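Enquirer: Starting from these lines, generate the structure:
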Amino acid sequence: MTISRRDMLVMMAAGAVLPLHAAETQEPLKALGKRKGLRVGNAISHGALRDSGYKDLMVRECDMLVAENEGKWQALEPRQGQYNFGPADELYAWAKSQGMTVRGHNLIWQDAKWLPKWVNEYDFGTRPVQAAEQLLRKHVATVCAHFGSAIYSYDVVNEAVDPKTAALRSNVFAEKLGALEQIDLAFRLAHEHAPQAQLVYNDYMRPDEGSAKHREGVLKLLHDLKSRGTPVHALGLQSHIGSWDELSSDKGLKHQQDWRRFLDEVTGMGLDLLVTEFDVNDRKLPADVAKRDAGVAALAKDYLDVTFSYRQCKDFLMWGMADNHTWLQGWKEAPRTDGQKMRPTPFDEQYRAKPLRDAIAAAINAMPTRG
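Expert: Predicted structure coming up:
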């Protein structure tokens, strides 16, 4: 079922019920993407491997996997020298058995609160610069050596820009090395120890006016890295979008223009693009399920039509495919005020396709073919 944006808005206004339908009757998203040169993937947790229905859904729709949390430093080395590769290994082995490619997320999460506790409390001694470099090198080298060629693309550094100030976030490494220098070193170490991998800077800047400072900071970081010769290959667009990102009203048209200017500048540096963590936050949309689902689909179609128009975007990953497997259900910072569960993913809790799934398919079908 293909739905135009106009149809979605008409259904929103009329409160029409959009039918849920079995994904088995549709051509898989990965097949649509393959024709256009787009890989389609999903973030999945180790625990979700126990859900056979969800695994079947992902196998049918996706040809790429990223571990939701299991590849992060705090999961891989929760205590110094005590590694826990088992959950990530199991996820990646399952992906390989299904013919999927694997993305690595992430080597360094810049915000100090997401580093392991022991790293934040690390004694850098009397030679802190050398100690910081050594610790960073050991982490990147150990992780890259363990996973080897299984990882085709790494989020090397995640969320380094403060969205309110456009400045680089600090952490124990930045305090010793300088924030830009630390990020540059992380990319150089990743290139040294995973020379086959695409190296990505990943962040959550968006099209809305509230994200202007964030976009500004990301562009400055990328320009600074490029000027240093840092081996950064692509920008990861997390794409946690919502009603604030509407791109078709008068205000939305400005958002669209700002987003295009941003993507033009990124691709003008010779960088590729990836949609790395896609979902649609519905907390400001109506309680009525039909209206809400139509609104989510309309927001997604607008955003993806712009972003997919860039041939440099060759990867699309959802951050959860079904409403019972999404981080947003437990995100306490911004829940729906009416107490209802969010519906931010392409499939419902029974793994039936929703209008968002059709909007994604329509955006893939409409985009230009990649080289």
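Enquirer: Spatially nearest residue to residue 128, not counting backbone neighbours?
Expert: Spatial nearest neighbour of residue 128, excluding adjacent residues (C-beta to C-beta, 6 or more residues apart in numbering): residue 176 at 4.5 Å. Heads up, the C-betas are built off the backbone N, CA and C, glycines and all.
Enquirer: Sorry, wrong one. I was asking about residue 74.
Expert: Counting by C-beta to C-beta, 6+ apart, the residue nearest residue 74 is residue 116, at 4.6 Å.
Enquirer: Next one: the one you found from residue 72, what distance?
Expert: From residue 116 across to residue 72, the span is 9 Å (C-beta to C-beta, to the nearest Å).
Enquirer: ok, back up a step: and the residue nearest to residue 128, what element?
Expert: Per DSSP states H and E, residue 176 falls inside helix 172-177.
Enquirer: Mind listing residues that contact that helix?
Expert: 108, 110, 112, 115, 119-120, 122, 124, 128-129, 131-133, 135-136, 168, 182, 185 (C-beta atoms under 8 Å, 6 or more residues apart in numbering).
Enquirer: between residue 116 and residue 72, which one's more packed in?
Expert: residue 72 (22 against 18; other C-beta atoms under 10 Å).
Enquirer: Over to the residue nearest to residue 74: give its phi and psi.
Expert: Dihedral pair for residue 116: phi -60, psi 150, per degrees, to the nearest 10.
Enquirer: My read is that it contacts residue 73, right?
Expert: Yes: between residue 116 and residue 73 there is a contact at 5.7 Å, judged by C-beta atoms under 8 Å.
Enquirer: In the protein, where is pLDDT below threshold?
Expert: The model of the chain has pLDDT under 70 over residues 1-25, 244-250.
Enquirer: For residue 305, give me its contacts.
Expert: Neighbours of residue 305 in contact, by C-beta under 8 Å, 6+ apart: 363, 366-367.
Enquirer: repeat that with 7 Å
Expert: If a contact means C-beta atoms under 7 Å, 6 or more residues apart in numbering, then residue 305 has 363, 366 as its contacts.
Enquirer: Show me what secondary structure element comes after whatever helix or strand it lives in.
Expert: Assigned by DSSP H and E, residue 305 belongs to helix 289-308. Using DSSP H and E, the helix or strand that follows helix 289-308 in sequence is strand 313-318.
Enquirer: Got the phi and psi for the residue sitting furthest away from the middle of the chain?
Expert: The C-alpha centroid of the chain is most remote from residue 126, which lies 38.5 Å away (C-alpha atoms, centre = their mean). When read as degrees, to the nearest 10, the backbone of residue 126 gives phi -90, psi -10.
Enquirer: and stretch 320-333, C-alpha only, in PDB?
Expert: Only the C-alpha atoms of stretch 320-333 are listed here, as PDB (Å, rounded to 0.1, in the frame of the first residue of the first chain):
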ATOM      1  CA  GLY A 320      13.900  -0.400  16.600                       C
ATOM      2  CA  MET A 321      11.400  -1.800  14.100                       C
ATOM      3  CA  ALA A 322       8.400  -2.500  16.300                       C
ATOM      4  CA  ASP A 323       6.600  -0.600  19.000                       C
ATOM      5  CA  ASN A 324       7.500  -3.200  21.700                       C
ATOM      6  CA  HIS A 325      11.200  -2.900  20.700                       C
ATOM      7  CA  THR A 326      11.900   0.800  20.900                       C
ATOM      8  CA  TRP A 327      13.900   2.800  23.500                       C
ATOM      9  CA  LEU A 328      11.300   5.600  23.300                       C
ATOM     10  CA  GLN A 329       8.800   3.500  25.400                       C
ATOM     11  CA  GLY A 330      11.100   3.800  28.400                       C
ATOM     12  CA  TRP A 331      12.500   7.300  27.700                       C
ATOM     13  CA  LYS A 332      11.300   9.300  30.800                       C
ATOM     14  CA  GLU A 333      12.600  12.700  29.600                       C
END
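Enquirer: For the helix holding residue 176, buried residues please.
Expert: 172-174, 176-177 (16 or more other C-beta atoms under 10 Å).
Enquirer: Equivalent analysis for stretch 286-303, please.
Expert: Under 16+ other C-beta under 10 Å, the buried positions of stretch 286-303 are 289-303.
Enquirer: Show me which of those residues is closest to residue 47.
Expert: The shortest approach to residue 47 among the buried residues of stretch 286-303 belongs to residue 296, at 25.3 Å (C-beta to C-beta).
Enquirer: my read: the closest one touches residue 283, true?
Expert: No: counting by C-beta atoms under 7 Å, residue 296 stays clear of residue 283, with 10.9 Å between them.
Enquirer: Strands along the stretch 51-200 of the chain, start to end?
Expert: 64-67, 101-109, 153-158, 198-203 (DSSP state E, counting those that start in this stretch).
Enquirer: mind putting the ones you listed in a markdown table, distance to residue 48 and mean neighbour count included?
Expert: Output for the strands of the stretch 51-200 of the chain, formatted as a markdown table (distance: least, C-beta to C-beta, whole Å; neighbours: other C-beta atoms under 10 Å):
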| stretch | distance to residue 48 | mean neighbour count |
| --- | --- | --- |
| strand 64-67 | 10 | 24 |
| strand 101-109 | 15 | 25 |
| strand 153-158 | 20 | 27 |
| strand 198-203 | 21 | 25 |
